[in-house]
Structures are given as C-alpha cells and as structure tokens.
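Novice: task: produce atomic coordinates for the following.
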Amino acid sequence: MKKFPMISLACVMVFSSTAMASGSHSGGHGAKKGGDNGHWMSPEHEAARPNPIAYSKDSIQQGARLFQQNCASCHGRNADGKGMAGMMMKPRPADLVAMSGGHPDGDFAYKIKTGRGAMPGWDKTLNDTQVWHLVNYIQSLGKGKVVGSQPKEHDHNDGHGHSS
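Specialist: All right, here's what the predicted structure looks like:
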C-alpha cells in the first residue's frame, strides 16, 4: 500500500469535516435548500470576466502543472473528481472534464479563487496569472475544445459535477 503524503491526509481530514459541516452540496457545487438544482454559478459579473491569458499550448501546460500540484489530490489526476483525498468527501469533488467548455472562463476563475464548502479558495495561494492558466487547462479538457474556440453547452442537470 502506498503512503499518502502527510498534506494529503491533512486535506482529507480538514475538507471532509468541512464538507459535512457545510451541508449537502452535490458534485462539488453546493445544493441550496429550497429546491435549487445544486448548480454553483458565480455572480454574472464574475462569469463575464474575460481571460487575460491567451488560450495556448504553453498556458495549458502551465495550468496542467499547477493542477497536478494543487488540485489533483481532490479532483483526481485526470480531473474526473476521483482524487484520493476527494474519495473521502461527501459530496465528491466536481468532475472538471464534464464541466470543461460548459462554463465561461470567468466562472471557473471565480470558483478557483473563492472556493465553496469543501473546495478551498486559492486566492491566497495562487496569483491571478496562475488561476487563469488553471482555467485554460480545465477548458482544454473538454471534448472538441481547440485553441481559440468558444465554450460548449452542457446540461446543468447532467450530474457531471453539478447535482446528482
């Protein structure tokens, strides 16, 4: 059996208790009481923020490195929501592959910076440039996404990191 780095174990313990204390929030988004479908959307003005970092191979590679260093323990090496630390969480982290291309860049940037529930806010750890590189990496995970293309549409009730 492989040993977990101590930081991963600490993350599991902290984030699992945070997730339980924060109430139900399906697929890493956060279901609200009162019939909300559980889809976490950023404020419109944040979602509309343009990405100042060009969507390029270099940016995607930088984002991929940042993702593996900071996000993979929960979201999984393949960004499918199946990371070792994330497997202990209820609800599980979002499947970013399924979400890729279905949200504007500003929406992802806001969520990375602010966090919600068990998802920590990374605004004190990552600078703006790093956040936008992560956004470009996440957007690159979607099927059919090519450099310079627009986000694809997806059903917010599809259960892919939204609501189950």
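
Novice: please work out how many residues are found near Gly121.
Specialist: Counted with other CB atoms under 10 Å, the neighbours of Gly121 add up to 14. Using the backbone N, CA and C atoms, a C-beta is placed for each residue, glycine as well.

Novice: wait, I meant Gly86
Specialist: Neighbour tally, Gly86, other CB under 10 Å: 26.

Novice: same check on the one 3 residues further on?
Specialist: Met89 has 22 neighbours, counted by other CB under 10 Å.

Novice: could you check how far it is from Met119?
Specialist: Note on Met89: its distance to Met119, by CB to CB, to the nearest Å, is 10 Å.

Novice: hey, what's in contact with both of those two?
Specialist: Taking CB atoms under 8 Å, 6 or more residues apart in numbering as the criterion, Met89 and Met119 both touch Cys74.

Novice: quick check: buried residues in the helix or strand harbouring Val135?
Specialist: Per DSSP states H and E, Val135 falls inside helix 128-140. Of the residues in helix 128-140, 130-140 count as buried by neighbour count, 16 or more other CB atoms under 10 Å.

Novice: swap in stretch 90-108?
Specialist: Result for stretch 90-108 [16+ other CB under 10 Å]: buried residues 91-108.

Novice: please apply the same query to stretch 46-65.
Specialist: 46-47, 51, 53, 55, 59-60, 62-64.

Novice: end to end, how far does that stretch reach?
Specialist: In stretch 46-65, first residue to last residue: 25 Å (CA to CA, to the nearest Å).
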